[in-house]
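Asker: No sequence on hand, only this structure:
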């Protein structure tokens, strides 16, 4: 089941998202966090609420007590991550909640973003998975695994062009990267299918009218030799 847009939320939750957005502009981060978490408790598929939550958490972390706050947050979220990782395969929703608990303690926790992305993919919340891996990549832009996971999430979300760009970037750094080559192939084929420019070998899918007409003309020429036209002056062929 895919994410829900703000327009499809309960009206009360819509108002909370709007209040959170306005509070974000006013840099009232604690209020944003409170409102966004309330929305996600009722409707965890709200990507807009999750984006607002994460942005506020990251801003709050910047104004915290630096190293000490991050260390304490990491300790507090460690137990949630252990439980969430164990639940990932059979209870992805539980894993997602655990990831958010860890991120509330430390929004820069890469393991928590990774768990969020994996759980979202299992729930088929593909845009949420993209968001999780985008954040991980932004926090650690040099890590190949984050970019590769983001590319795969983009394919699942139908963002084929973005996946191709990510694969191209990885292959520019290492042309022999087999996983990046696989990503490029999957994204390119998926994009071609969407555009209607690709069909598997032996496919019975009807061809476009112009393509079918070209094949028919070709067949007539092959069967009757060179193409002939009427002479308008003599009436002869």
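Answerer: Received the coordinates, thanks. Given the structure is predicted, the values throughout are model-derived calculations rather than measurements.
Asker: How about residues contacting the helix or strand harbouring residue 56?
Answerer: For residue 56, the host element (DSSP states H and E) is helix 47-62. If you take CB atoms under 8 Å, 6 or more residues apart in numbering as the criterion, helix 47-62 is touched by 3, 5-6, 13, 16-17, 20-21, 24, 27, 29-30, 32-33, 35-37, 39-40, 43, 69-70, 73, 103-104, 106-108, 125, 127-128, 131, 135. C-betas here are computed from N, CA, C, even on glycine.
Asker: Which among the residues you listed count as buried?
Answerer: For those, a neighbour count by 16 or more other CB atoms under 10 Å gives the buried set as 3, 13, 16-17, 20-21, 24, 29, 32-33, 35-37, 39-40, 43, 70, 73, 103-104, 106-108, 125, 127-128, 131, 135.
Asker: Just these: which are in helices?
Answerer: Per DSSP state H, helices hold the following members of the buried ones among the contacts of helix 47-62: 13, 16-17, 20-21, 24, 29, 32-33, 35-37, 39-40, 70, 73, 103-104, 127-128, 131, 135.
Asker: List the contacts of the residue nearest to the spatial centre of the chain.
Answerer: With distances taken as CA atoms, centre = their mean, residue 130 lies nearest the centre of the chain, 3.0 Å away. Going by CB under 8 Å, 6+ apart, residue 130 touches 150, 153, 154, 157, 159.
Asker: Nearest to residue 142, out of these: which one, please.
Answerer: Set against residue 142, the nearest of the contacts of residue 130 by CB to CB is residue 150 (13.4 Å).
Asker: for the chain, what are the low-confidence residue spans?
Answerer: Counting by pLDDT under 70, the chain contains low-confidence residues at 64-76, 197-237.
Asker: Swap in 90 and give it another go.
Answerer: The chain contains residues with pLDDT under 90 at 1-2, 62-80, 191-237.
Asker: Look up how far residue 163 lies from the residue nearest to residue 40 when sequence neighbours are not counted.
Answerer: Excluding the flanking residues, the one nearest residue 40 by CB to CB, 6 or more residues apart in numbering is residue 49, at 5.3 Å. Per CB to CB, to the nearest Å, residue 49 is found 26 Å from residue 163.
Asker: and what of residue 41?
Answerer: 32 Å.
Asker: Neighbour count for those two, which is higher?
Answerer: residue 163 (26 against 11; other CB atoms under 10 Å).
Asker: Do I have it right that that one meets residue 182?
Answerer: No. Using CB atoms under 8 Å, residue 163 is not in contact with residue 182; the gap is 11.1 Å.
Asker: returning to what we had before: what's the burial count for the residue nearest to residue 40?
Answerer: For residue 49, the neighbour count with other CB under 10 Å is 28.
Asker: And it, how far from residue 5?
Answerer: Applying CB to CB to residue 49 and residue 5 gives a distance of 11 Å.
Asker: What's the separation between residue 27 and residue 116?
Answerer: 25 Å.
Asker: picking that back up, next, the angle helix 29-42 makes with the helix holding residue 56.
Answerer: With axes from the mean of the first three to the mean of the last three CA atoms, to 10 degrees defining the directions, helix 47-62 sits at 140 degrees from helix 29-42.
Asker: Just list the residues touching residue 111, thanks.
Answerer: 81, 102.
Asker: do the one 10 residues further on as well
Answerer: Contacts were defined as CB under 8 Å, 6+ apart; by that measure residue 121 touches 129, 153, 156.
Asker: Confirm for me that the second one is in contact with residue 129.
Answerer: Yes. At 4.3 Å, residue 153 counts as touching residue 129 under the criterion of CB under 8 Å.
Asker: what residues do these two have in common as contacts?
Answerer: Residues touching both residue 153 and residue 129 by CB under 8 Å, 6+ apart: 117, 121.
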